[in-house]
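Need a 3D model of the following:
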Amino acid sequence: MNSSTQKAYVEVIELLKFFSAEQVKNIPMEKLKVFLKYRDENYNYKVDKTKSFFEQNMMPETKAIFTILFEDYWATDEQRKVLKQKEAEAFKELENKKRSLYNPDDLFKNKRINEIGNDTKNANITLLNEKWYSKVILALKNFFKRK
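Residues are numbered from 1 along each chain as shown. Sure thing, here's the model as predicted:
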């Protein structure tokens, strides 16, 4: 388990202290034991009592854990539906971004342009690698063809 997850468990435990007993009871004891067992005991997290829950300075992992807790144990059926819809929309948007970045049709178009560009570069390199006497003979042939 990585250290950021262990620190997130500390933040979750500290924040849960400010939740009602009813809300905490909805979380299975096994899950709470995992938070306690795998927390980073050297990490200190203080809750700012002047700020609301959403204004607290917490790690992204902590936010993710609370999102899961909310969806699994505190949300109503309607709230779960809304969360699932938002999750599906976010996933679809991410897939569309990936498709636009890595569209197979565009990748092949770029490859053809690169292949054409490489052929031109190779042709120039071939001319540069000709022997000196071949260049002289070619120049003499061109000279005599003009007359």
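
care to break this structure down by domain?
Domain assignment for the chain, taken from automatic domain parsing, gives 3-76, 104-146.

For Leu94, find the nearest of the ones you listed.
Closest to Leu94 of the domains of the chain, according to C-beta to C-beta: domain 3-76, at 15.9 Å. (Each C-beta comes from the backbone N, C-alpha and C, glycine too.)

Just say which of the domains of the chain is most tucked in.
Stretch with highest mean neighbour count among those: domain 3-76 (a mean of 14; mean count of other C-beta atoms under 10 Å).

And it, end to end?
33 Å (C-alpha to C-alpha, to the nearest Å).

And stretch 70-81, by the same measure?
Taking C-alpha to C-alpha, stretch 70-81 runs 13 Å from one end to the other.

Can you name the residues that contact Val12?
Contacts here follow C-beta atoms under 8 Å, 6 or more residues apart in numbering; on that basis Val12 touches 35, 62, 65-66.

In this structure, which residue is most central in space?
What sits nearest the mean C-alpha location of the chain, by C-alpha atoms, centre = their mean, is Leu94, with 9.6 Å.

How confident was the prediction at that one?
In this model, Leu94 is scored at 92, pLDDT.

Please report how far Val136 lies from Phe144.
Relative to Phe144, Val136 is positioned 13 Å away (C-beta to C-beta, to the nearest Å).

likewise Phe91?
Phe91 is 72 Å from Phe144, where distance means C-beta to C-beta.

hmm, back to that, and the residue nearest to the centre of the chain, what element?
Counting by DSSP states H and E, the element that carries Leu94 is helix 77-101.
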